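Student: Could you look at this predicted model? Sequence included:
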Amino acid sequence: MKLLFTNIKELVQVRDESVLKVSGAEMKELPSIKNAWLLVENDKIADFGSMNELPEADIDKTIDATGKIILPTWCDSHTHIVYAGNRELEFADRINGLSYEEIANRGGGILNSAKTLQETSEDSVYEQSSKRLEEVMKLGTGAVEIKSGYGLTEDAELKMLRVIKSLREKYELPVKSTFLGAHAIPKEYKSKPQEYMDLVINEILPKVADQGLAEYIDIFCEKGYFSVEDTHKLLEAAGKYGLRPKIHVNQFNAIGGVKAGVEHNALSVDHLEVMENEDIEVLKNTETMPVALPSCSLFLSIPYTPARQIIEAGLPLALATDFNPGSTPSGNMNLVVSLACIKMKMTPEEAINAATINGAYAMDLSKTHGSITKGKQANLILTKEIPSYTFLPYAFGTNSIDSVYINGEKI
Ligand SMILES: N=CN[C@@H](CCC(=O)O)C(=O)O
Ligand SMILES: [Zn+2]
């Protein structure tokens, strides 16, 4: 099947295959071709160029993209899309003055979602989660990472991971799976948190690994959750099973989680709302991608990740949604890109790079996704008629997407 897009107003994020992430000042560059064509052959990007040099070829279908922009789909490298129920009552509690921390201390928060998940059948968790996944795909997400972490028992963690596996098998987009057993200390372990760590490390982790249910390991390294010492222990153990870290750090406090992640060659360190200079320094010259989650900052009214400081230090930055029932009940990457520009002072070019090629890197997918590159998967956003790509973050809350293609198929 050969599908040709013609008269594309601008083909955005056109890259050579050697570009796997962009860092520092490079993030300001967003290579594009104006008045372009793009050829998709089966599931892959076959070729592209300027309309002045449109080659003759046998084509099965042509789509006239006059006035429209094409860019690679968003790569959302941090989500908790698999969950059961919702937490809108806690939302109301927060409006009435309780903090996220106070709600968690009363047994709400992650423990509330864990209770609901434990009581919900695997089929129902799948149904609820697949609706969310379909919703975000229509919003332009073409690759996604999903974490466990609302189980907090062996059965429930494995249930979540099986749901992630089923989603991966059913949907065409790449779905990466992360084991987040160390997301919160269950009530019954409150007075003996080390026993919960032992359960995660010695009982659940080996089963996750044996059953091939996760590629990555995660931990919520934060005051009141898991310490830097716990983080080292877990990452060390998970490394023996080949699970690379992608970890929650520096959301409320800088306690040394970034350094711990870097020491274990984390693929990414995520959240980073509170950053000390040493957290920035330790990320320099590493393979670890910093990931910002601005819709979490919006929803919880907490600081935004200091993107300017990170980028100006020469580091890369990726953007993701953190879609989850407690701190970010939204999986809309378009909103994330807007917030990055409006609240974190990223330029549209930086934000689009962060949400595409750098997001792909943070899931080990930048060899196949995240840019318009010959041979990569044809995961594409075709916009409505819009004046420029800057219009995407500018017109926040407006759906500027005409259609989304995953592996060359319109969804
Ligand atoms: N901070 C840790 N985990 C999630 C929130 C979990 C929840 O509140 O349910 C996050 O990334 O924001
Ligand atoms: Zn998260």
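Tutor: Nice, thanks for sending it over. Computed from a prediction, not measured in an experiment: that's the story for all the values here. Ligands and ions are numbered 1, 2, ... in the order given.
Student: CA atoms for contacts and neighbours, from now on please.
Tutor: Fine.
Student: So what's the residue count around residue 187?
Tutor: Taking other Cα atoms under 10 Å as the criterion, the count of residues near residue 187 is 11.
Student: who's in contact with it?
Tutor: By Cα atoms under 8 Å, 6 or more residues apart in numbering, residue 187 lies in contact with 107, 111.
Student: Quick check: phi and psi on it?
Tutor: phi -50, psi -50 (degrees, to the nearest 10).
Student: gap between it and ligand 1?
Tutor: From residue 187 across to ligand 1, the span is 15 Å (Cα to the nearest ligand atom, to the nearest Å).
Student: repeat for residue 194
Tutor: Applying Cα to the nearest ligand atom to residue 194 and ligand 1 gives a distance of 19 Å.
Student: give me the number of residues near that residue?
Tutor: 14.
Student: same thing with residue 188?
Tutor: Counted with other Cα under 10 Å, residue 188 comes out at 9.
Student: Make sure I have this right: it is in a helix.
Tutor: Yes: membership of residue 188 in a helix is supported by DSSP: H, G, I helix; E, B strand; the rest coil.
Student: Break down the stretch 251-400 of the chain into its helices, ranges please.
Tutor: Secondary structure of the stretch 251-400 of the chain (DSSP state H, counting those that start in this stretch): helices located at 257-263, 277-283, 294-300, 307-312, 333-344, 348-355, 357-361, 391-394.
Student: Can you give me every residue that contacts the closest residue to ligand 1 within the stretch 251-400 of the chain?
Tutor: For the stretch 251-400 of the chain and ligand 1, the shortest gap (Cα to the nearest ligand atom) falls at residue 326, measuring 3.6 Å. When contacts are counted by Cα under 8 Å, 6+ apart, residue 326 touches 86, 87, 90, 109, 110.
Student: which of those residues tops the neighbour count?
Tutor: residue 110 (23 neighbours).
Student: Spell out which residues of the stretch 151-300 of the chain are next to ligand 1.
Tutor: residue 220 (Cα under 6 Å from any ligand atom).
Student: picking that back up, highest average neighbour count across the helices of the stretch 251-400 of the chain?
Tutor: Highest mean neighbour count among these (mean count of other Cα atoms under 10 Å): helix 357-361, with a mean of 30.
Student: Most distant residue from the centre of the chain?
Tutor: Within the chain, residue 56 marks the point farthest from the mean C-alpha position, 38.9 Å out by Cα atoms, centre = their mean.
Student: Next, give phi and psi for that one.
Tutor: Here residue 56 shows phi and psi, under degrees, to the nearest 10, equal to phi -80, psi 140.
Student: Same question for residue 136.
Tutor: According to degrees, to the nearest 10, residue 136 has phi -70, psi -30.
Student: neighbours around it, how many?
Tutor: 22.
Student: Enumerate the positions of the lowest-mean-pLDDT helix or strand in the chain that are buried.
Tutor: Lowest by mean pLDDT, DSSP states H and E among the helices and strands of the chain is helix 100-105, with a mean of 89. Neighbour-count burial for helix 100-105 flags 100, 103, 104 (criterion: 16 or more other Cα atoms under 10 Å).
Student: Need the mean per-residue confidence for the next helix or strand after it.
Tutor: Using DSSP states H and E, the next helix or strand after helix 100-105 towards the C-terminus is helix 110-118. In this model, helix 110-118 has a mean pLDDT of 97.
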